[in-house]
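Chemist: using only what follows, build the 3D model:
(one chain, ligands or ions: 2)
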Amino acid sequence: MLDDVRGRPAPDSDAPGGAGAPIAALATARGTAALAVVRVGGAGAVDLVASRFSHPALATAAGRTVHVGWLRDGAGRPVDQVVCVVWRGPHSSTGEDVVEVTCHGGDAVAQAVLRTLYDAGARPAPAGEFTRRAFLNGKLDLAQAEAVADLVHAESRVGHRAAVAALRGRVSDAVAEVREALVETAALVELELDFAEEDVEFADRAALGALLDRADAVLGELLSTARLGALARDGVRVVLGGRPNAGKSTLLNALVGQDRAIVSPTPGTTRDAVEAEAELGGLRFRFVDTAGLRETADAVEAEGTRRARAAIDGADALLYVVDATIGLDAEERAFLDGLAARRPALPVLVVHNKADLRPAPPADAAPPSPADAAGAAGGAGWSVSAREALAAPAALDGLRGALLDAVRAGLAGAEAGEVAVNERHRAHLDAARGAVRRARAALDGRGGADTLALDLRAALRELGLVTGAVTTEHVLDAVFSRFCIGK
Ligand SMILES: Nc1nc2c(ncn2[C@@H]2O[C@H](COP(=O)(O)OP(=O)(O)O)[C@@H](O)[C@H]2O)c(=O)[nH]1
Ligand SMILES: [Mg+2]
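Modeler: Ligands and ions are numbered 1, 2, ... in the order given. Below you'll find the predicted structure:
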């Protein structure tokens, strides 16, 4: 019964006693800094550091103690004055003995400290090895371990918040809630299978149905956060499209407040995608400038046009820039209509640029609004002067706000919570939901108890892969390869 759902894997078997061989790595970024931290962890980590430390008593130091002294190389030459923080397993981040050696910053010192420790018997830690050991020793589940990597790589406020929530176990708790409901269901159904000949039904069908519906709903909620997770991690890709000379490059520069894109009165100047970033509403927006969309005989520019279309296909939002003195032509309307049909969920904002060149509206006219400047293909329209906005970035705040609102509208309330699952979770949660739905169908009489049991097992297995209750070497390698050395 449920024998494919095993508990936590055995601790690293490198060394007896559940602790791995001692490893060491620089935990801080390379380069000039006031301090650097080198971590040493594993069986004998404290002895190893003590063998090169000016106070050999370090070897018997209790956990959570701090020791100041000199690190010396094998020949007794001073390497640096350091601070050692001793953590004794299992009360450490990895569950093993760990020493954090804080030395002076800068590559030369940190590398000399590392060399000294390698020389004393530590081996270089592969990327993610410390967190992998924490996982294997039951300090973190897999979703939390991934959150460590997400936290380190977070570049936006939303990304940071989602990583903290995951580290605190919010994803794991939600998954555990579904697992519990399914384990209960599965146990009853399996029991029924064991007594198949007697033709008894232990499980109350209505109660089972309710458990499955609850599981389906919680999975749906988790899955709805996947898009936010992707945007928080990768940034929101906003492509600037439009005819050559419409002012795309100028608008990009005005949006990010720096001279990023080449602006030229000669149409077709921007031939490759230029990117620039800006933070908006806690998310990192990546603006991508493109060559104009037009049929052209120039091979390089034609390639630029092809790339522009490819960029638009991969976009999270499109700012379609139009020279307001010219307006949208039939071909552009057809392009935008086609795009709306192909990608109905893609936010498209039509930006009527060069408003400074248009005759001023009559004094009693309402100020430009999305409705006033409504664009083609259902895209909201905005009237701006990118050139004037270069000197007055706040002039584009309305456009920025509309862009943020349009992107948020696609997140279906996911932002209200803090949880945002990553792509690996999404795939397993989606498979789990599929299995739960098949189980529900089986329960409704469209399948026997045997397929019901199989579907429940499949769902449990997929959920177990999210938190690491079920693991394979393949999954662990995929997860921990995302880490940096020293984490
Ligand atoms: N008057 C005016 N000129 C603009 C404005 N935005 C861009 N331009 C000019 O239009 C020309 C083309 O701009 P550019 O940003 O290179 O267009 P792109 O080909 O769409 O990237 C340049 O000479 C810009 O200075 C604007 O808001 N008002
Ligand atoms: Mg350009």
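Chemist: which residue packs closest to the one residue sitting closest to the centre of the chain, ignoring adjacent ones?
Modeler: Most central in the chain under C-alpha atoms, centre = their mean is Arg233, positioned 3.4 Å from the mean C-alpha point. Spatial nearest neighbour of Arg233, excluding adjacent residues (C-beta to C-beta, 6 or more residues apart in numbering): Gly159 at 6.0 Å. C-beta coordinates here come from the backbone N, C-alpha and C atoms, glycine included.
Chemist: returning to what we had before: which of the three states applies to the residue nearest to the centre of the chain?
Modeler: Using DSSP: H, G, I helix; E, B strand; the rest coil, the structure places Arg233 in helix.
Chemist: what residues does it make contact with?
Modeler: 150, 153, 159, 422 (C-beta atoms under 8 Å, 6 or more residues apart in numbering).
Chemist: and the residue nearest to Arg233, what helix or strand is that in?
Modeler: Secondary structure from DSSP states H and E places Gly159 in helix 157-167.
Chemist: residues of the helix or strand that comes right after that helix that come out buried?
Modeler: Following helix 157-167 in sequence order, the next helix or strand is helix 170-194 (DSSP H and E). Across helix 170-194, burial judged by 16 or more other C-beta atoms under 10 Å covers 170-172, 174-176, 178-179, 181-183, 185-186, 188-190, 192.
Chemist: between helix 170-194 and helix 157-167, how many degrees?
Modeler: Following axes from the mean of the first three to the mean of the last three C-alpha atoms, to 10 degrees, one obtains 40 degrees for the angle between helix 170-194 and helix 157-167.
Chemist: number of nearby residues for the closest residue to Cys84 other than its chain neighbours?
Modeler: Spatial nearest neighbour of Cys84, chain neighbours left out: His67 (4.6 Å); criterion: C-beta to C-beta, 6+ apart. Here the count is done by other C-beta atoms under 10 Å, and His67 has 19 residues near it.
Chemist: His67: which element?
Modeler: strand 65-72.
Chemist: counting by contacts, list what that strand packs against.
Modeler: Contacts defined by 3 or more C-beta pairs under 8 Å, 6 or more residues apart in numbering; DSSP states H and E place strand 65-72 against strand 78-87, helix 107-119.
Chemist: chain center to the longest one, what's the gap?
Modeler: Counting by C-alpha atoms, centre = their mean, to the nearest Å, helix 107-119 is centred 33 Å from the centre of its parent chain.
Chemist: contacts for that helix, please.
Modeler: By C-beta under 8 Å, 6+ apart, helix 107-119 touches 24-26, 28, 30-32, 36, 38, 40, 48-49, 52, 71-74, 79-80, 82, 101, 103, 124.
Chemist: list only buried entries from these.
Modeler: Counted by 16+ other C-beta under 10 Å, the contacts of helix 107-119 give 24-26, 28, 36, 38, 40, 48-49, 52, 71-72, 79-80, 82, 101, 103 as buried.
Chemist: restricted to helices, list the residues you listed.
Modeler: The helices, defined by DSSP state H, take in 48-49 from the buried ones among the contacts of helix 107-119.
Chemist: ok, Val68 to ligand 2 distance?
Modeler: Separation of Val68 from ligand 2 (C-beta to the ion, to the nearest Å) stands at 58 Å.
Chemist: so that residue sits against Val85, correct?
Modeler: No - the criterion here is C-beta atoms under 8 Å, and Val68 misses it with Val85 at 10.6 Å.
Chemist: just name the shakiest helix or strand of this structure by mean pLDDT.
Modeler: Ranked by mean pLDDT, DSSP states H and E, the weakest helix or strand in the chain is helix 299-313, scoring a mean of 69.
Chemist: quick revisit: for the residue nearest to Arg233, what are its contacts?
Modeler: By C-beta under 8 Å, 6+ apart, the residues touching Gly159 are 150, 153, 232-233, 283-284.
Chemist: so where's the protein uncertain?
Modeler: For the chain, the stretches with pLDDT under 70 are 1-18, 193-203, 259-273, 292-305, 359-380, 412-417, 446-449, 475.
Chemist: mind giving me the domain split of it?
Modeler: Recorded structural domains for the chain (assignment: automatic domain parsing) are 16-140, 151-225+419-467, 237-413.
Chemist: now the last one: how far from the chain's centre is it?
Modeler: When C-alpha coordinates are averaged (C-alpha atoms, centre = their mean), domain 237-413 and its chain have centres 27 Å apart.
Chemist: closest to ligand 1 out of the domains of the chain?
Modeler: domain 237-413 (3.1 Å; C-beta to the nearest ligand atom).
Chemist: quick one on the thing from earlier: just the contacts of helix 107-119 that are near ligand 1?
Modeler: Among the contacts of helix 107-119, no residue sits close to ligand 1 (C-beta under 6 Å from any ligand atom).
Chemist: against ligand 2, how distant is Arg133?
Modeler: 50 Å.
Chemist: same deal with Phe130?
Modeler: In terms of C-beta to the ion, Phe130 sits 46 Å off from ligand 2.
Chemist: can you list contacts of stretch 250-261?
Modeler: Here stretch 250-261 has contacts from 240, 248-249, 263, 270, 274-278, 287, 289, 319, 321, 351, 353, 384, 386-387, 389-390, 393, 396, 399-400, using C-beta under 8 Å, 6+ apart.
Chemist: out of those residues, name the ones that lie in helices.
Modeler: Reading helices off these with DSSP H, I get 248-249, 386-387, 389-390, 399-400.
Chemist: which residue ranges of this structure form strands?
Modeler: All strands of the chain, identified by DSSP state E, fall at 23-26, 35-41, 65-72, 78-87, 98-104, 123-124, 236-242, 274-280, 283-289, 317-323, 348-353, 380-383.
Chemist: and those strands as JSON lines, adding distance to Val218?
Modeler: Below are these laid out as JSON lines (distance: least, C-beta to C-beta, whole Å):
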{"stretch": "strand 23-26", "distance to Val218": "38"}
{"stretch": "strand 35-41", "distance to Val218": "36"}
{"stretch": "strand 65-72", "distance to Val218": "44"}
{"stretch": "strand 78-87", "distance to Val218": "36"}
{"stretch": "strand 98-104", "distance to Val218": "36"}
{"stretch": "strand 123-124", "distance to Val218": "42"}
{"stretch": "strand 236-242", "distance to Val218": "27"}
{"stretch": "strand 274-280", "distance to Val218": "31"}
{"stretch": "strand 283-289", "distance to Val218": "25"}
{"stretch": "strand 317-323", "distance to Val218": "30"}
{"stretch": "strand 348-353", "distance to Val218": "33"}
{"stretch": "strand 380-383", "distance to Val218": "35"}
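Chemist: what about the residue of the stretch 1-150 of the chain found nearest ligand 2, neighbour count?
Modeler: Going by C-beta to the ion, ligand 2 is nearest to Asp150 of the stretch 1-150 of the chain, at 34.6 Å. For Asp150, the count of nearby residues is 22 (other C-beta under 10 Å).
Chemist: could you do the one 5 residues further on as well?
Modeler: Other residues within reach of Glu155 by the criterion other C-beta under 10 Å amount to 14.
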